[in-house]
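J.: following is a predicted model, sequence given first.
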Amino acid sequence: MKTIAIEKFKQCRMLVVGDIMMDAYLWGDVSRISPEAPVPVVRVYREEEALGGAGNVVRNLTQLGAEVSLVAVCGADEQGKRIKEALLKSSVNIEGLLMVSDRPTTHKSRVFAQSQHVLRFDRETVSAIDASTENQLKAILTNKITASHVVIVSDYGKGLVTHSLMKHIVQTAKGNNIPILVDPKGSDFSKYKGASILTPNRKEAALALEKSAETMEDIFVAGNQLMDVVENDQFLITCGSDGMVLFERNKKPYHIETQAQQIYEVSGAGDTVISVLGLCIGVGADWQTAAEYANSAAGVVVGKMGTATLTQSELITAYAQQTISASKFVSLSELPHLIENLKRQNKRIVLTNGCFDFLHAGHIFLLAESKKLGDVLIVALDDDAQITKLKGPGRPILSQEERIKIISALDSVDYVILFSENELETIVKFVSPQVLTKGNNYELSEIVGHEIVMKNGGKVVCLPLVGEISTSDLIRELQKKKISP
């Protein structure tokens, strides 16, 4: 499995076209049945709003650092105003957002009780946009598409993505070699002819073919048939707990198993899939790698309540867990639970951190000596982007996946965690180790988290370096001898 430079997402100019809406979430408790009818009474204690539909695609893209433009329609009403305000706060380009007086803004309300989704009610219209509005959007799209790296069409069947508008998008984008990703709706996928890829879920694919898609064999057949309907060379069917299947012309279907640990809420997962897929294609990934990252992202968001997004750090960690079999690797979200269990067992925890790029004897000595200071050694590794920032171009020599595997193979190491920029102090707070170690080439003031550890009664130990070995020096020596490390 390949890795991509997720930090390059910030260089991507993404265009989102589709049905935008406002999602409301009402959180409450149920303790009785209504005397008026046999229905539960939900006592609401919290209410939240978030951008939905194409707006949730925008949220995912901006959260991952991309530059985003939106082409959509909403009502000239209170909900429409709140949508506009939310988009502006996220620095989204909304030159293509038309606020019209003859269409209400789509508004969906979901009710949760004891963390269970119990009810949803919608206020909307699904009639097609009028000819005047469509012509305005086409004029906007002509300029917006040519200024973008990737176009994402988020069709929620609310009337924006007409056959004519979709045809205009395809002609303009293909004429400029810009990939078009579509999250489709309805039974007529021929509307999306010429798009680079479609990302329906299992039920949507079955509806489009009027066939069953219950088994993997059914899905394999459906994907290949739908590629012919859409006349493209890629297709992706998301299958919930069964992961997803990528189809590429003249290749075997590629089944990627799900990564979700626990599923709380699946609404919006498709938005995350197409967002991450588009960003990966935007930075030059192949379809298989892009699908693997999208699958990892989906596994994160379905483990959150409500229509959720994820950060670059969560995506890096999720993908690392997908590609690494090392049982010692833990994610940042899993860390508090791990530490709670270790402290319940009265384990003395030692924490150290570093790049550990191109492992040498000095590293092994540092880790072995660190383990002697306690019962459990946790190693925090800089991710690839952080090492490049610290060490410069050409580093790391070994990818974060390779470094995790190597460090995990050492008997002295009990757990490994990957961190991004500015996350190390958070890790020190979570772990609150009895001992924090570092090489004695660091001054105490240079050691991240030393104040936290000492304030909590722990100690900071600077261990001697063996022969003052330096990874950077070793790499320079190898380069002089024209040996690739």
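T.: That came through fine. Here the structure is a predicted model, which means the values were calculated and not measured. Numbers count the residues shown, from 1 in each chain.
J.: thinking Glu95 is in contact with Ala139, fair?
T.: No - using CB atoms under 8 Å as the test, Glu95 is too far from Ala139 to be in contact (11.4 Å). For every residue, glycine as well, the C-beta is placed using N, CA and C.
J.: show me which positions of stretch 13-20 end up buried.
T.: Met14, Leu15, Val16, Val17, Gly18, Asp19, Ile20 (16 or more other CB atoms under 10 Å).
J.: nearest to Ile452 among these?
T.: Nearest to Ile452, judged by CB to CB, of the buried residues of stretch 13-20 is Met14 at 38.1 Å.
J.: could you look up the SS state of the closest one?
T.: Put simply, Met14 is strand when judged by DSSP: H, G, I helix; E, B strand; the rest coil.
J.: all helices for the stretch 51-200 of the chain, in order.
T.: Under the criterion DSSP state H, counting those that start in this stretch, the stretch 51-200 of the chain carries helices at the ranges 54-63, 78-89, 131-146, 163-175.
J.: domains of the protein?
T.: 6-311, 329-480 (automatic domain parsing).
J.: quick revisit: a markdown table for the buried residues of stretch 13-20, including distance to Trp27 and pLDDT?
T.: Below are the buried residues of stretch 13-20 laid out as a markdown table (distance: CB to CB, whole Å; pLDDT from 0 to 100):
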| residue | distance to Trp27 | pLDDT |
| --- | --- | --- |
| Met14 | 31 | 98 |
| Leu15 | 34 | 98 |
| Val16 | 28 | 98 |
| Val17 | 32 | 98 |
| Gly18 | 27 | 97 |
| Asp19 | 25 | 96 |
| Ile20 | 23 | 96 |
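J.: and the most centrally placed residue in the chain, what pLDDT?
T.: With distances taken as CA atoms, centre = their mean, the residue of the chain nearest its centroid is Ala297 (3.8 Å). On pLDDT, Ala297 comes in at 92.
J.: isn't it right up against Gln322?
T.: No - applying CB under 8 Å as the test, Ala297 and Gln322 come out as separate, 10.3 Å apart.
J.: closest one to Thr311 among the helices of the stretch 51-200 of the chain?
T.: helix 54-63 (6.3 Å).
J.: what helices or strands is the helix or strand hosting Ala294 leaning on?
T.: Assigned by DSSP states H and E, Ala294 belongs to helix 287-301. Applying 3 or more CB pairs under 8 Å, 6 or more residues apart in numbering; DSSP states H and E, we find helix 287-301 packed against strand 234-238, strand 244-248, strand 254-256, helix 269-282, helix 312-323.
J.: show me the contacts for Lys343.
T.: Lys343 sits next to Ile349 when contact means CB atoms under 8 Å, 6 or more residues apart in numbering.
J.: quick one: Gly186 from Ser90, how far?
T.: 29 Å (CB to CB, to the nearest Å).
J.: avg pLDDT for stretch 34-49?
T.: On average, stretch 34-49 scores 91.
J.: how far off strand 234-238 does the strand or helix carrying Leu226 point, in degrees?
T.: Using DSSP H and E, Leu226 sits in helix 216-230. If you take axes from the mean of the first three to the mean of the last three CA atoms, to 10 degrees, helix 216-230 sits at 140 degrees to strand 234-238.
J.: and of the helices and strands packed on helix 287-301, who's closest to Ile364?
T.: helix 312-323 (22.2 Å).
J.: which helices and strands sit right next to the closest one?
T.: helix 287-301, helix 400-408, strand 415-419.
J.: could you tell me the angle between that helix and helix 54-63?
T.: 90 degrees.
J.: so for helix 312-323, what gets flagged as buried?
T.: Gln312, Ser313, Glu314, Leu315, Ile316, Thr317, Ala318, Tyr319, Ala320, Gln321, Gln322, Thr323.
J.: and for His450, the neighbour number?
T.: 20 (other CB atoms under 10 Å).
J.: isn't it up against Leu436?
T.: Yes - in this structure, His450 is within contact of Leu436 by CB under 8 Å, at 6.5 Å.
J.: what sits in contact with each of the two?
T.: Val460.
J.: before we move on, the earlier item: deepest in the core, which of the domains of the chain is it.
T.: domain 6-311 (a mean of 19; mean count of other CB atoms under 10 Å).
J.: off-centre distance for that one?
T.: Taking CA atoms, centre = their mean, to the nearest Å, one finds the center of domain 6-311 at 14 Å from the center of the full chain.
J.: now do stretch 312-330
T.: Worked out by CA atoms, centre = their mean, stretch 312-330 lies 13 Å from the chain centre.
J.: so can I have a markdown table of the helices of the stretch 51-200 of the chain showing distance to Ala290?
T.: Formatted as a markdown table, these follow (distance: least, CB to CB, whole Å):
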| stretch | distance to Ala290 |
| --- | --- |
| helix 54-63 | 14 |
| helix 78-89 | 26 |
| helix 131-146 | 20 |
| helix 163-175 | 17 |
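J.: Arg43: which of those helices is closest?
T.: Short answer: helix 78-89, nearest of the helices of the stretch 51-200 of the chain by CB to CB, at 25.1 Å.
J.: got the angle for that closest one vs helix 54-63?
T.: Going by the same axes, to 10 degrees, helix 78-89 makes 20 degrees with helix 54-63.
J.: please write out the alpha-carbon positions of helix 78-89 in PDB.
T.: Extracted in PDB, the C-alpha atoms of helix 78-89 (Å, rounded to 0.1, in the frame of the first residue of the first chain):
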ATOM      1  CA  GLU A  78     -33.300  32.300   7.500                       C
ATOM      2  CA  GLN A  79     -31.700  28.900   7.000                       C
ATOM      3  CA  GLY A  80     -30.100  30.100   3.800                       C
ATOM      4  CA  LYS A  81     -28.500  33.100   5.700                       C
ATOM      5  CA  ARG A  82     -27.100  30.700   8.300                       C
ATOM      6  CA  ILE A  83     -25.600  28.500   5.500                       C
ATOM      7  CA  LYS A  84     -24.000  31.600   4.000                       C
ATOM      8  CA  GLU A  85     -22.500  32.700   7.400                       C
ATOM      9  CA  ALA A  86     -21.200  29.200   8.100                       C
ATOM     10  CA  LEU A  87     -19.500  29.000   4.700                       C
ATOM     11  CA  LEU A  88     -17.900  32.400   5.100                       C
ATOM     12  CA  LYS A  89     -16.500  31.400   8.500                       C
END
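J.: let's have the chain start at 50 instead
T.: Yep, numbering from 50; the last one is helix 127-138 now.
J.: measure stretch 284-302 end to end?
T.: With CA to CA, to the nearest Å as the measure, stretch 284-302 spans 10 Å from end to end.
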